[in-house]
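pasting a predicted model and its sequence here:
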Amino acid sequence: MRPGITVQHTSLPQRRLGLVRCDITALVTAISKEHWPEGTSEGDVVEGRYDRSHDFWEDALRPRLTPLATKAGIAFFENGGELLHVFAVCLESLHQLAAPSVEDGPLARLFERLRTEDDIGLLIAPDAAGLPTTVRPGHEVHSEGEPLWNHLLHHCRQMSNRFLVMDPPRGLHEDALLRWIHRFSLESPETRSYGALYYPWLQHGDERAPPSGAMAGLYARTEREHEPFGVLWPPANVPVRGVTHTEVDLDWREIADLVEHHVNPILVQAGRGVIVWGARTLSRDPAFIHINSRRIVSMVSDQLRRDNEWAVFEHNDASTWKVIERDVGVRLEEFWRAGLIAGDTQQGEYEVKCDAETNPRSEQETGRLNVQVFLRPIGTTEHITIDLRLGSHTT
């Protein structure tokens, strides 16, 4: 027997937890030096949590935010968003967003804070779309927002339960936009299923704003309208509130080109208003082309991890493995009955494995307990493997 404390339960601890939420949104923004709160310094993160538009508007933090962040927060609540968590990092200049270092630069504390918040399901960063873009005929198109978007997509993959709602760079249209997103979506392909891009910018009269705030609100609204498993329904073919029209009008040829390049169009329809017309991620991976497939797998992974954290301090042996296999199987059957997992019958559409093969002696001695889950989420013909590594803070 290994030395240390052994806990003997008269019965196993409570293992059944409530369902995770996927609609809580983090607005990532910056505060320029002239608006820093007293006593703060570069890299400090100022935060606010809001469940009503009025509270967001009246809070002392709001006037310090960038105009794009303020518009995104308002649009979030106008479109049905319920919980918004603002993370505003103090920067000498907003152009520092163009070259972020998440290890030791001024954004390091921001990403550290994001990693400690388990409940966030959606990310928006509208300021990235306001940074300059370089367009040269016949050459690649580059946006200065790309480093921030890349770090946020990597963060979403690292956390496994997060999804980035992206905006197109300001002023980027037609062929230049398609050339840019084609290159950007093929870089770091392992992260691209964790984000989606919406185009064009939205307008309320003469006021123009990036679409991510409104879209995050739509994600949240759609999920609540289809509880308890709203991630099954992507926010598509639904009206956008609080806007009068889009920055540019799209015809059906342009819409087809955008969808082919994994850009989700927003268009104006007579009698319906401004409508979202697309539900694709940035990924070319057949398993994760559709937003709901990616978010279903992320939600299932997060739910199973939270359900089974009780096992970290249990004996890593066959009896615990059997309990985990049974509990995970019960939760997966619940997901299958709700329509998140494909198939007419449970057999063959999902499988749980937690045994000596997934937990060899070397893993047991490090304190990790490994579970493998095989499933096919709705909306794809591909089977997905989820590796749960309990005790290592990764999935």
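Perfect, I can see it now.

for residue 379, the count of nearby residues, please.
Using other C-beta atoms under 10 Å, residue 379 is surrounded by 20 other residues. No exception for glycine: its C-beta is placed from N, CA and C like everyone else's.

the spatially most central residue of the chain and residue 301, how far apart?
Using C-alpha atoms, centre = their mean, the residue of the chain that lies closest to the mean C-alpha position is residue 163, 1.2 Å off. Here residue 163 is placed at a distance of 13 Å from residue 301 (C-beta to C-beta, to the nearest Å).

got it, and residue 82?
Going from residue 82 to residue 301 by C-beta to C-beta gives 23 Å.

does residue 235 sit in a helix, a strand or a coil?
At residue 235 the chain is in coil, as set by DSSP: H, G, I helix; E, B strand; the rest coil.

who's in contact with it?
Shown in contact with residue 235 (C-beta atoms under 8 Å, 6 or more residues apart in numbering): 215, 218, 219, 221, 222, 276, 279, 291.

and those, which is closest to residue 68?
The closest of the contacts of residue 235 to residue 68 turns out to be residue 215 (C-beta to C-beta; 14.1 Å).

for that closest one, what is the enclosing helix or strand?
Here residue 215 sits within helix 212-225, counting by DSSP states H and E.

for this structure, which helix is longest?
helix 318-337 (DSSP state H).

stretch 384-395 - what's its average pLDDT?
Averaged over stretch 384-395, pLDDT sits at 76.

now do the phi/psi pair for the residue lying closest to residue 172 once chain neighbours are set aside.
For residue 172, ignoring the flanking residues on the chain, the nearest one in space by C-beta to C-beta, 6 or more residues apart in numbering is residue 133 at 5.5 Å. Backbone torsions of residue 133, given as degrees, to the nearest 10, read phi -120, psi 140.

residues near residue 133, how many?
Residues near residue 133, counting by other C-beta under 10 Å, number 20.

spit out the contact partners of it.
Neighbours of residue 133 in contact, by C-beta under 8 Å, 6+ apart: 141, 142, 143, 144, 169, 170, 171, 172, 180.

and for the fourth one, the neighbour number?
Same thing as residue 144. Burial of residue 144, expressed as a neighbour count using other C-beta under 10 Å, amounts to 17.

again with the first one
By other C-beta under 10 Å, 20 other residues sit near residue 141.

what pLDDT does it get?
As predicted, residue 141 sits at a pLDDT of 94.

same thing with the fifth one?
In this prediction, residue 169 carries a pLDDT score of 97.

which ones are touching it?
Contact analysis of residue 169 by C-beta under 8 Å, 6+ apart lists 129, 131, 133, 143, 145, 180.

tell me, how many residues neighbour residue 272?
Residue 272 has 11 neighbouring residues, counting by other C-beta under 10 Å.

show me where this structure has helices.
53-58, 67-78, 108-116, 146-159, 174-186, 212-225, 252-260, 291-307, 318-337, 361-365.

from residue 242, how far off is the closest residue to residue 134 other than its chain neighbours?
In space, residue 134 comes closest to residue 142 once its chain neighbours are excluded; the distance is 4.9 Å by C-beta to C-beta, 6+ apart. Distance, residue 142 to residue 242, using C-beta to C-beta: 32 Å.

for the spatially closest residue to residue 121 that is not a sequence neighbour, what are its contacts?
Nearest residue to residue 121 in three dimensions, chain neighbours excluded: residue 22, at 3.8 Å (C-beta to C-beta, 6+ apart). Neighbouring residues of residue 22 by C-beta under 8 Å, 6+ apart: 121, 122, 161, 163, 223, 230, 231, 295, 298, 299.

same check, this time on residue 289
So residue 289 contacts 262, 280, 281, 283, 380 (C-beta under 8 Å, 6+ apart).

most neighbours, which of those residues?
Counting neighbours by other C-beta under 10 Å, residue 281 comes out on top of the contacts of residue 289 with 26 neighbours.

surely that residue meets residue 263?
No: counting by C-beta atoms under 8 Å, residue 281 sits too far from residue 263 to count as a contact (10.9 Å).

look up the closest residue to residue 188, ignoring the ones flanking it.
Nearest non-adjacent residue to residue 188, counting by C-beta to C-beta, 6+ apart: residue 150, 6.5 Å away.

and for the one you found, the neighbour number?
Per other C-beta under 10 Å, the neighbour tally for residue 150 reads 16.

want to try JSON lines for the contacts of residue 22, with distance to residue 155 and pLDDT as columns?
Shown next, in JSON lines, are these (distance: C-beta to C-beta, whole Å; pLDDT from 0 to 100):
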{"residue": "121", "distance to residue 155": "13", "pLDDT": "96"}
{"residue": "122", "distance to residue 155": "13", "pLDDT": "98"}
{"residue": "161", "distance to residue 155": "11", "pLDDT": "89"}
{"residue": "163", "distance to residue 155": "11", "pLDDT": "98"}
{"residue": "223", "distance to residue 155": "21", "pLDDT": "93"}
{"residue": "230", "distance to residue 155": "23", "pLDDT": "91"}
{"residue": "231", "distance to residue 155": "19", "pLDDT": "92"}
{"residue": "295", "distance to residue 155": "16", "pLDDT": "95"}
{"residue": "298", "distance to residue 155": "13", "pLDDT": "94"}
{"residue": "299", "distance to residue 155": "17", "pLDDT": "94"}
